[in-house]
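# Just the structure for this:
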Amino acid sequence: MGFVYGIFLYKKPGEERKDFKFIIQLIVSSVIVLGVIKILLEAVFLNVLYGKAYLAVIASRFTTEAIMLPIQVITIFLLEKALRPFAKKYLYKEEEIDIDEYLDTFDKFTKDPNLDAMRYIMERFDNPEKQTKFIHVSGTNGKGSICEMLASILNNTEYKLRQIYISTFNKI
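Purely as a prediction, here's the structure:
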């Protein structure tokens, strides 16, 4: 579904798009997603998995998707319109170099990895990581040891350590 929306709704950075053209693209992509994928493909998959009858599934899904089509088109249109200023400000801001151009200058398989790309992106968003008041430790092994070492280091500085909280994925 995301692939279909991506094909129809992709907008190049800096490109201006008229609302009417966007609505037409949105309707076409939604009809393909809701009609072909949600109705036909899901009916096929339900038939393969559970032996459900095609026509019964298609008939029940058709009604649901017919109701959802205008709701989905209106919701996506309003969200895009509301988020457009944010996207223009943070993603498509005209500068000496575009983010995509900048990131393309890095070799993806470099032997000398660095954090230049991440620094550049964080600067574009006003460095939100510098305002955090916590340390996040993740990984497979050694989280407890790292937390204890950090607690020891922080207790011997001007920083105050309030709490160590350790959670694992399987406890969620």
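# Can you get me a residue count around residue 150?
A count of neighbours around residue 150, defined by other CB atoms under 10 Å, yields 14. All C-beta spots, glycine's among them, are computed from the backbone N, C-alpha and C.
# helices and strands around the longest helix anywhere in the chain, which ones?
For the chain, the longest helix by residue count, based on DSSP state H, is helix 54-90. On a contact count with 3 or more CB pairs under 8 Å, 6 or more residues apart in numbering; DSSP states H and E, helix 54-90 meets helix 19-31, helix 42-50.
# Out of the ones you listed, which is the most enclosed?
With neighbours taken as mean count of other CB atoms under 10 Å, the helices and strands packed on helix 54-90 reach their highest mean count in helix 19-31, at a mean of 15.
# Quick one: closest of the helices and strands packed on helix 54-90 to residue 125.
helix 19-31 (25.8 Å; CB to CB).
# hmm, who's touching the closest one?
Identification of contacts with helix 19-31 by CB atoms under 8 Å, 6 or more residues apart in numbering yields 4-5, 7-9, 69, 72-73, 76-77, 80-81.
# at 6 Å instead, please
By CB atoms under 6 Å, 6 or more residues apart in numbering, the list of residues contacting helix 19-31 from outside reads 4-5, 8-9, 69, 72-73, 76.
# distance between that helix and the chain's centre?
Distance of helix 19-31 from its chain centroid, counting by CA atoms, centre = their mean, to the nearest Å, is 21 Å.
# and residue 70, what pLDDT?
The model reports residue 70 with a pLDDT of 92.
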